[in-house]
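Asks: Next one to model:
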Amino acid sequence: MEGLWVLNQKFRRNQCRFMTSTVGISNIKKLDLLIFTTEDVTALNTFASAALSVTPVIVDSVYRKVFQYDATKNYFIIHNENFDGPSGKNENLSLESAQMIYREDMLSGYLKRVLLQRE
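Replies: Residues are numbered from 1 along each chain as shown. Sure thing, here's the model as predicted:
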């Protein structure tokens, strides 16, 4: 299984081990890194009914907090692979810029996908 994320069954919920290889970042998206039990799925779906309505607030709060630091703000200037809009410069970058809205949408989608599980 060289080149793939290997889930160690002993630590399957909290720890993943990466084996070196040439697998690209785009291939990692295709791997199922989260394994949920039936009880986990039930709990996530129950929690989702309350959490989905506040997901935009959570995402906005996360980005407002990390945007306060130069290190993360500089990272946000890097052009996302699937983002088609214009990239900003550090002095022009704001939470309302197209790239930041794209990133917030990606995090919202990820959270929704994690919360809405099927068996």
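
Asks: What's the local residue count around residue 96?
Replies: By other CB atoms under 10 Å, the residues close to residue 96 number 7. The C-beta positions use only the backbone N, C-alpha and C, and glycine is treated the same way.

Asks: What's the separation between it and residue 110?
Replies: Per CB to CB, to the nearest Å, residue 96 is found 21 Å from residue 110.

Asks: show me where pLDDT drops low in the protein?
Replies: By pLDDT under 70, the weakly predicted segments of the chain are 1-33, 78-92, 119.

Asks: All the helices of it, residue numbers only.
Replies: For the chain, the helices defined by DSSP state H cover 25-28, 38-51, 55-66, 70-76, 98-115.

Asks: Take the ones you listed and lay them out in CSV including mean neighbour count.
Replies: What follows is those, written out as CSV (neighbours: other CB atoms under 10 Å):
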stretch, mean neighbour count
helix 25-28, 10
helix 38-51, 12
helix 55-66, 13
helix 70-76, 12
helix 98-115, 14
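
Asks: what about residue 114, distance to residue 39?
Replies: For residue 114, the distance to residue 39 - CB to CB - is 16 Å.

Asks: Kindly report the same for residue 110.
Replies: 22 Å.

Asks: Residue 44 is in contact with residue 113, isn't it?
Replies: No. Shown here, residue 44 and residue 113 do not form a contact pair, counting by CB atoms under 8 Å, at 10.6 Å.

Asks: Identify the residues contacting residue 59.
Replies: 104, 107, 108, 111 (CB atoms under 8 Å, 6 or more residues apart in numbering).

Asks: And for the third one, nearest residue in space, chain neighbours not counted?
Replies: On the basis of CB to CB, 6 or more residues apart in numbering, the spatially nearest residue to residue 108 that is not a chain neighbour turns out to be residue 59, at 5.1 Å.

Asks: What of the second one?
Replies: Counting by CB to CB, 6+ apart, residue 59 is the residue found nearest to residue 107 once chain neighbours are left out, at 5.0 Å.

Asks: can you pull the contacts of residue 115?
Replies: Listed by CB under 8 Å, 6+ apart, the contact set of residue 115 reads 44, 45, 47, 48, 51, 52.

Asks: No more questions from me, cheers.
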